[in-house]
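> Just the structure for this:
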Amino acid sequence: MSNLFKKAIAFTDIHFGNKSNSYAHNEDCVEFVEWIIKQGKEQNCETCLFLGDWHHHRASINVATLNYSIDALTKLSQAFDQVVFIPGNHDEYYKDKRDFNSVAWARHIPNLRFFNDITVEGDVAIVPWLVGDEYKQMHKLEAKYMIGHFELPHFYMNAMIQMPDHGELKADAFQGIERVFTGHFHKRQERKNITYIGNAFPHNYSDAGDDERGCMFLEWGKPHVYKAWENAPKYRVLKLSNLLDNPDKLLLPKTYARVHLDIDISYEEANFIRETFSEQYDVRELALIPQKTIDTDFDETVDINFESVDSIVFSQLEAINSDVYDNNLLMDIYRNL
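Just a heads-up that it's a prediction; the model follows:
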């Protein structure tokens with residue numbers, strides 16, 4: 001039996017259509033795919049592995065997002081001998097079965113191999129998002145490598161939230177596998193024989209300051225190697241005093257920044273700083289967050305982008321990517337505190 005690949009480039013969780021099908025995010029996705037192709041060719045990779053969550057919205061696809069999606073998958077299929085593609089939870093219409101998904105049409109793209117069922121091929125176990133009691137099969141699988149889209153307890157969903165033990169799939173189910181590579185959790189992390197390779201690029205403030213995203217190279221029988229996408233969007237939570245000292249370093253192109261006002265300035269001064277930096281640097285967002293109670297005697301006509309604590313909390317809750325936590329329920333709980 002021949003191996004599934006000789007040398008592969010892998011990525012995961014790109015989420016076309018994220019941020020309400022934003023133009024900027026979809027453009028980032030296509031630019032990232034073009035970067036993947038360039039890196040794959042430079043490293044002589046004949047195979048591309050995608051580990052789930054190609055789309056963000058499971059119930060419907062925006063027409064513009066669909067066009068970006070088709071363009072990107074077509075480019076991948078033309079660049080590699082094979083693209084091994086597994087669906088993630090965001091690609092599945094249902095949470096508890098894989099009857100319908102948002103990427104089924106991709107089966108008709110040449111060189112794209114779509115795996116919607118648990119398969120072992122070329123000493124690689126290929127596992128889509130698990131449904132029902134399929135997790136009980138994992139301890140029976142034996143292979144050198146496994147690629148999947150797993151929700152494992154005690155790993156971090158992002159820098160702040162650790163996945164609780166929900167009593168089903170556990171890390172010790174993969175003892176018959178030399179190395180497991182998985183998508184789903186966006187933070188890159190490793191424990192024993194399990195590797196979350198990290199999402200394609202940062203998507204929100206739960207990724208703030210963590211730029212270790214991009215791709216992974218895997219040559220058969222050799223250690224895996226990561227490479228970060230240098231042109232990725234960046235999320236930063238900063239203090240104004242630090243920003244004023246070194247704006248050239250902190251406000252890189254495509255930066256989303258939340259800046260805490262740790263020094264006393266007026267609304268007019270804060271607004272001037274925001275407008276000046278927004279024009280001078282190619283930042284996508286510059287939100288100023290007050291640290292102290294502000295004197296109520298101010299000019300209400302001043303247009304300044306302050307964010308409340310509530311808006312920050314809600315954005316973090318919305319960013320949680322899990323089928324265990326209900327985002328809407330968490331937000332209702334917070335509203336009632």
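
> Identify, by residue count, the longest helix of this structure.
helix 23-42 (DSSP state H).

> What are the buried residues along the helix or strand harbouring residue 275?
Taking DSSP states H and E as the criterion, the element that holds residue 275 is helix 267-280. Counting neighbours by 16 or more other CB atoms under 10 Å, one finds that the buried residues in helix 267-280 are 267, 270-271, 273-274, 277-278. (C-beta placed from N, C-alpha, C; glycine too.)

> Could you export it as PDB, CA atoms only?
Extracted C-alpha coordinates of helix 267-280, given in PDB (Å, rounded to 0.1, in the frame of the first residue of the first chain):
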ATOM      1  CA  TYR A 267     -12.400  63.500  23.800                       C
ATOM      2  CA  GLU A 268     -11.100  65.900  21.200                       C
ATOM      3  CA  GLU A 269      -7.500  64.700  21.700                       C
ATOM      4  CA  ALA A 270      -8.700  61.000  21.500                       C
ATOM      5  CA  ASN A 271     -10.700  61.700  18.400                       C
ATOM      6  CA  PHE A 272      -7.700  63.400  16.800                       C
ATOM      7  CA  ILE A 273      -5.400  60.500  17.600                       C
ATOM      8  CA  ARG A 274      -7.900  58.000  16.200                       C
ATOM      9  CA  GLU A 275      -8.400  59.900  12.900                       C
ATOM     10  CA  THR A 276      -4.700  60.700  12.400                       C
ATOM     11  CA  PHE A 277      -3.500  57.100  13.000                       C
ATOM     12  CA  SER A 278      -6.400  55.600  10.900                       C
ATOM     13  CA  GLU A 279      -5.300  57.800   8.000                       C
ATOM     14  CA  GLN A 280      -1.600  57.400   8.400                       C
END
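
> and it, what does it pack onto?
helix 240-245, strand 285-290 (3 or more CB pairs under 8 Å, 6 or more residues apart in numbering; DSSP states H and E).

> now with 10 Å?
Packing partners of helix 267-280 (3 or more CB pairs under 10 Å, 6 or more residues apart in numbering; DSSP states H and E): helix 240-245, helix 247-250, strand 255-261, strand 285-290.

> any idea how far residue 185 is from the closest residue to residue 161 other than its chain neighbours?
With CB to CB, 6 or more residues apart in numbering as the measure, residue 320 is the residue that lies nearest to residue 161, at 6.6 Å, once sequence neighbours are left out. Spatial separation of residue 320 from residue 185 under the definition CB to CB, to the nearest Å is 11 Å.

> out of these two, which sits in the more crowded spot?
Here residue 320 and residue 185 are set side by side on neighbour count (other CB atoms under 10 Å), and the busier one is residue 185, at 26 against 16.
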